[in-house]
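Enquirer: coordinates only, sequence not included:
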């Protein structure tokens with residue numbers, strides 16, 4: 001094998017992908033194993049650069065064994081943290097999907113008359129996202145399949161995006177909920193918006209009486225929301241946080257119910273949450289993948305600028321319909 005400049009850069013990228021994958025999976029499993037951890041920024045950054053360098057590799061790797069190694073190294077480090085046949089099977093399927101993605105991108109580069117990095121790499125983005133989503137969901141399931149439901153449900157937190165969707169849907173039905181779609185509304189602000197939408201009976205009261213009535217209304221509203229959330233409410237908390245907590249508490253109560261334990265096997269809930277995580281990641285990463293391709297294109301242009309890679313022009317035959 002001749003060690004051309006392209007192959008040397010390709011070997012370097014395989015090593016980079018392996019190192020980034022090790023850091024990404026360590027951050028991912030560390031986040032799952034830490035009770036109450038909700039910060040996903042660290043693993044997100046790792047996986048962002050992992051995807052960017054892998055996409056760069058799909059344009060650089062000239063040989064199939066480089067593509068096989070790159071696809072395998074994206075998921076192999078996960079075996080250091082997930083010792084289970086479920087992850088092995090999911091990782092094998094993910095490697096196949098990502099390798100298929102890489103080969104599809106290579107074919108796209110070959111078929112184009114002009115070299116177009118973004119369009120070619122975008123053609124294989126979905127398969128990479130599908131493979132990564134599957135591996136992440138399986139890793140989530142493997143780690144949490146044996147924990148108690150009380151520990152399991154809070155880890156799958158309802159984020160601000162989900163509560164925002166809930167508020168927007170509720171706002172379409174009841175205008176009182178419209179202000180909550182902004183995400184910064186407090187408990188007291190929400191209660192006051194409800195009071196303003198009530199009939200104008202307070203207009204018949206003087207200023208002091210109206211103030212007392214408003215305070216009594218806030219106290220009563222806080223007590224009701226506190227009962228719903230299962231914790232004291234001062235009034236200055238974000239309503240989205242309180243709603244998220246209330247939904248989690250209700251979900252835990254439901255999962256611990258007698259009827260649920262009779263009809264659902266012990267592994268059903270972790271599997272359901274892992275499946276939900278898979279489809280959530282599939283949609284989110286499909287959007288984030290575009291940014292990864294843009295970052296990979298920027299890295300590619302930098303490699304061209306410093307001279308690590310070069311574009312060449314060759315004469316090719318083109319098949320056309322005869323006149």
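Expert: Thanks, I have it. Nothing here was measured: the structure is a model prediction, and the numbers come from that model.
Enquirer: Surely residue 26 and residue 81 touch.
Expert: Yes - applying Cβ atoms under 8 Å, one finds residue 26 in contact with residue 81, separated by 7.0 Å. Where you see a C-beta, it was placed from the backbone N, CA and C, and this is true even at glycine.
Enquirer: How much space separates residue 189 from residue 236?
Expert: 9 Å (Cβ to Cβ, to the nearest Å).
Enquirer: what does residue 131 give?
Expert: Distance from residue 131 to residue 236, by Cβ to Cβ: 44 Å.
Enquirer: Please identify which of the two sits among more neighbours.
Expert: Using other Cβ atoms under 10 Å, the more surrounded residue of residue 131 and residue 236 is residue 131, with 24 against 9.
Enquirer: hang on, isn't the more buried one packed against residue 102?
Expert: No - counting by Cβ under 8 Å, residue 131 stays clear of residue 102, with 10.4 Å between them.
Enquirer: now the helices for the chain?
Expert: 5-33, 41-60, 64-75, 85-111, 117-122, 125-144, 149-155, 160-173, 187-196, 207-229, 239-255, 258-263, 268-306 (DSSP state H).
Enquirer: closest to residue 314 out of those?
Expert: Of all those, it is helix 85-111 that lies closest to residue 314, at 11.5 Å by Cβ to Cβ.
Enquirer: now for the closest one, which elements pack on it?
Expert: Where contact means 3 or more Cβ pairs under 8 Å, 6 or more residues apart in numbering; DSSP states H and E, helix 85-111 is packed against helix 41-60, helix 64-75, helix 117-122, helix 125-144.
Enquirer: got a list of what residue 59 touches?
Expert: By Cβ atoms under 8 Å, 6 or more residues apart in numbering, residue 59 lies in contact with 105, 109, 117, 120-121, 296, 300.
Enquirer: Who's the closest spatial neighbour of residue 138, skipping the chain neighbours?
Expert: residue 90 (3.4 Å; Cβ to Cβ, 6 or more residues apart in numbering).
Enquirer: Look up how far residue 27 lies from that neighbour.
Expert: 19 Å.
Enquirer: These two: who's more crowded?
Expert: The neighbour count for residue 90 versus residue 27, taken as other Cβ under 10 Å, is higher for residue 90 (25 against 17).
Enquirer: And the pLDDT at that one?
Expert: Residue 90 carries a pLDDT score of 93 in this model.
Enquirer: which ones are touching it?
Expert: Applying Cβ under 8 Å, 6+ apart, one finds that residue 90 lies in contact with 134-135, 137-139.
Enquirer: What is the nearest of those residues to residue 320?
Expert: residue 134 (41.3 Å).
Enquirer: dump the residue contacts of residue 48.
Expert: 288, 291-292, 295.
Enquirer: what does residue 60 give?
Expert: 6, 9-10, 13, 309.
Enquirer: coming back round to it: can you say which of the helices of the chain is nearest to residue 315?
Expert: Among those, the nearest to residue 315 by Cβ to Cβ is helix 85-111 (14.9 Å).
Enquirer: residues of that closest one that come out buried?
Expert: By neighbour count on 16 or more other Cβ atoms under 10 Å, the buried set for helix 85-111 is 87-88, 90-91, 93-95, 97-106, 108-109.
Enquirer: Make TSV from the helices of the chain and add distance to residue 313 to it.
Expert: Conversion of the helices of the chain to TSV gives the following (distance: least, Cβ to Cβ, whole Å):
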stretch	distance to residue 313
helix 5-33	16
helix 41-60	17
helix 64-75	24
helix 85-111	15
helix 117-122	16
helix 125-144	27
helix 149-155	54
helix 160-173	47
helix 187-196	64
helix 207-229	66
helix 239-255	56
helix 258-263	66
helix 268-306	14
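Enquirer: comparing those, which gets the lowest mean pLDDT score?
Expert: By mean pLDDT, the lowest-scoring of the helices of the chain turns out to be helix 258-263, with a mean of 47.
Enquirer: Can you give me the distance of the closest residue to residue 58 other than its chain neighbours to residue 309?
Expert: Nearest-residue entry for residue 58: residue 105, 4.3 Å, with adjacent residues in sequence omitted and distances by Cβ to Cβ, 6+ apart. Computed as Cβ to Cβ, the residue 105 to residue 309 distance reads 16 Å.
Enquirer: Over to residue 40?
Expert: 33 Å.
Enquirer: Then residue 221?
Expert: Counting by Cβ to Cβ - residue 221 and residue 309 are separated by 63 Å.
Enquirer: Sounds good, over and out.
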